[in-house]
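**Q** Fold the following, please.
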Amino acid sequence: MGDPKKRRKKYSKPRKSFQRERIDKEKEVKKAYGLKNRREFLKAESIIRKKRTNARKLLALGLENRLKREKEIVDSLKKMGILQGNPSLDDVLTLTPEALLERRLQTIVWRKGLANTEKQARQFITHGHIAINGKKVDKPSYSVSAEEEKNLSYYGKEMILEQKKEHKKVAAEKKNELKDEFEEAKPEEAEEPKAKAAEEKK
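**A** Numbering: from 1, shown residues only. Down below sits the predicted model:
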């Protein structure tokens, strides 16, 4: 029968189901990071919301207790690669879901140039072409730590990326320009022998 325990949602939906500004923002983020669905954005939003809530609770504690727990939450975010340098609780309060989405395996594969687009990065990961520390990882939503990012590579045979469409377009435009220049130069070259022949007859 399996485990009867119910699965708990790892995210919470907004109270108002229809808000034009929020929906437009979600669409932009989904397109920018190549997310499969809205649920992936809501998960990241829920995680960051919890971090901000914990940071606000720490500000209400005494100095001694706050310093100890502040270090724990800040160090965890630094380990994840979300915060860098010498951050404080104020930096935690200003975090956005995009900060966590930047640590997704899909995003990092694309940023490091192992794929041409976000969607191609997702395809490489799900097909088992990406590895961390030599171990295959096939989850695009995997959160990559700062240490793991250094050991990110292809799994097995290295993938050969095709030329981007933008580069192809530029190359085609240059080719057309050279062709036009060549065609413009042809009549001039053909007129020179005619002019010489006319001079010789004279």
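**Q** Quick check: closest non-adjacent residue to Glu148.
**A** In space, and not counting its chain neighbours, Glu148 is closest to Ile132: 5.0 Å by C-beta to C-beta, 6 or more residues apart in numbering. Quick note: C-beta positions are derived from backbone N, CA and C, even for glycine.
**Q** Please verify my assumption that the one you found contacts Ser143.
**A** No: Ile132 lies out of contact with Ser143 (C-beta atoms under 8 Å); the separation is 11.2 Å.
**Q** the more surrounded of the two?
**A** Remark: of Ile132 and Ser143, Ile132 carries more neighbours, 20 against 17, as counted by other C-beta atoms under 10 Å.
**Q** so what sits against both of Ile132 and Ser143?
**A** Residues touching both Ile132 and Ser143 (C-beta atoms under 8 Å, 6 or more residues apart in numbering): Leu105.
**Q** what's the residue nearest to Glu148 in contact with, if anything?
**A** 105, 144, 148, 151-152.
**Q** Look up the residues forming beta bridges with it.
**A** Following DSSP bridges, Ile132 is listed with bridge partners Lys135, Leu152.
**Q** Need the pLDDT of it.
**A** Ile132 is assigned a pLDDT of 93 by the prediction.
**Q** SS state for the most centrally placed residue in the chain?
**A** In the chain, the centroid-proximal residue (C-alpha atoms, centre = their mean) is Thr107; its distance is 3.0 Å. Recorded secondary structure, Thr107: helix (DSSP: H, G, I helix; E, B strand; the rest coil).
**Q** Start at 45, not 1
**A** In the new count, where the first residue is 45, that last one comes out as Thr151.
**Q** residues contacting it?
**A** Shown in contact with Thr151 (C-beta under 8 Å, 6+ apart): 77-78, 145, 162, 165.
**Q** Which PyMOL command selects the buried ones in the residues you listed?
**A** The following PyMOL line selects those of the contacts of Thr151 that are buried, judged by 16 or more other C-beta atoms under 10 Å:
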select buried, resi 77+78+145+162+165
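**Q** quick one: which of the contacts of Thr151 is nearest to Ala104?
**A** Using C-beta to C-beta, Leu145 is the member of the contacts of Thr151 that lies nearest Ala104, at 29.2 Å.
**Q** Please look at Arg66 and Arg59 and confirm they touch.
**A** No: contact criterion C-beta under 8 Å: Arg66 and Arg59 do not qualify, at 10.8 Å.
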